[in-house]
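K.L.:
What would the 3D arrangement of this be:
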Amino acid sequence: MLFDCIDLDTKKKYELKKQKNDQWLDPSKFFNLSDDDKQITMVFILYDKNSGLSDMVATITLEDLVKIVYTEEHLKSAENHVKKFPKDQIKSGIKIRDFIKNNKDNVQIIWKN
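P.N.:
All right, here's what the predicted structure looks like:
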């Protein structure tokens, strides 16, 4: 499953990610996304490493995230690996704070302290 919750009124799907900065994603899940899956809103809840309190909330569609982070070759390779070794997980790291800073046209900052 690619999402954590659904807004019952709008039927919009959300995937919630909480981290200081490092986020690990499994690219094998993102090959051949449905049009519905592409519209999932990724919600990044970032927290300060010293205080432990949230200092930023940002969103991006899964489609935009995947287009920015992965190539088709990367996604296909990850999918093929998981088909061959179904118990494996593939993890790809992203520095979310840098990602947000470098992709201001695609990322919406909902709240910042």
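K.L.:
Please enumerate the helices of this structure.
P.N.:
Applying DSSP state H to the chain gives helices spanning 35-38, 62-69, 72-84, 96-102.
K.L.:
any chance of these in JSON lines, with mean neighbour count, distance to residue 5 and mean pLDDT too?
P.N.:
Every residue, glycine included, has its C-beta placed from N, CA and C. Listed next are the helices of the chain as JSON lines, based on neighbours: other Cβ atoms under 10 Å; distance: least, Cβ to Cβ, whole Å; pLDDT from 0 to 100:
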{"stretch": "helix 35-38", "mean neighbour count": "13", "distance to residue 5": "15", "mean pLDDT": "98"}
{"stretch": "helix 62-69", "mean neighbour count": "18", "distance to residue 5": "14", "mean pLDDT": "98"}
{"stretch": "helix 72-84", "mean neighbour count": "14", "distance to residue 5": "25", "mean pLDDT": "96"}
{"stretch": "helix 96-102", "mean neighbour count": "16", "distance to residue 5": "20", "mean pLDDT": "98"}
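K.L.:
Would you tell me which of these gets closest to residue 6?
P.N.:
helix 35-38 (11.3 Å; Cβ to Cβ).
K.L.:
now what about the closest one, what contacts it?
P.N.:
Helix 35-38 is contacted from outside by 2, 13, 61, 62, 63, 66, using Cβ atoms under 8 Å, 6 or more residues apart in numbering.
K.L.:
repeat that for 7 Å
P.N.:
2, 61, 62, 63 (Cβ atoms under 7 Å, 6 or more residues apart in numbering).
K.L.:
what's the answer for stretch 68-88, then?
P.N.:
27, 28, 30, 31, 90, 94, 103, 106.
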